[in-house]
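A.B. asks: predicted structure and sequence below. I'll ask about it afterward.
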Amino acid sequence: MAKAGKTSVFDPRDARAAIKKHLQRLQNSSNGVQFEAQRHEVDMVNLLVDLAQDESNPATLRRQCALDVVTLARGVPKPWLHTGEDLNADTPGNAGLGATVGQELEAAKQTSALDEQLAQLTARNVHPRDWPENVRSVAADMIAYYENEEANTITP
């Protein structure tokens, strides 16, 4: 800062020119490119998700978009190293419940099928009283919640 009574030797035009030159250098550097890319990265990930979920796109494009999104989210998948031997369904499982590998796999398949059935029923807005008994028995807590909500709903 200049002292009182003295004139500044620094010209404001020179300051503007120096700032302009510095900003142009930043814009032309890889930092500027990286900054611009980061400004659009969320939109680009959303575009990849939209392309992957659009059933009118070819399966190869959808697959590649899905892999790109997973790679962006989790990094490049690492190969799963294993012995290459076939699984023995009678081998003790890893869940610690005393079940065999075959029993654990079957339980996982049944759970997945039940979960899919439950998702379809709720998506179609089927009332829990109309669910199949196998779904009702597993989803007892959810049914209780819905029945409680229904009892507390005020009807005109």
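C.D. replies: That came in fine, so what should we check first? Residues are numbered from 1 along each chain as shown.

A.B. asks: hmm, who's touching the helix or strand of the chain with the lowest mean pLDDT?
C.D. replies: One helix or strand of the chain scores below all others by mean pLDDT, DSSP states H and E: helix 140-152, with a mean of 73. Applying C-beta atoms under 8 Å, 6 or more residues apart in numbering, the contact partners of helix 140-152 are 118, 127, 128, 131, 136. No exception for glycine: its C-beta is placed from N, CA and C like everyone else's.

A.B. asks: need the buried ones from those residues selected in ChimeraX.
C.D. replies: In ChimeraX, this line selects whichever of the contacts of helix 140-152 come out buried by 16 or more other C-beta atoms under 10 Å:
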select :118,128,131
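
A.B. asks: out of the contacts of helix 140-152, who's nearest residue 69?
C.D. replies: Among these, residue 118 lies closest to residue 69 (C-beta to C-beta), at 26.1 Å.

A.B. asks: now do the same for that closest one: helix, strand or coil?
C.D. replies: Here residue 118 is helix, with the state taken from DSSP: H, G, I helix; E, B strand; the rest coil.
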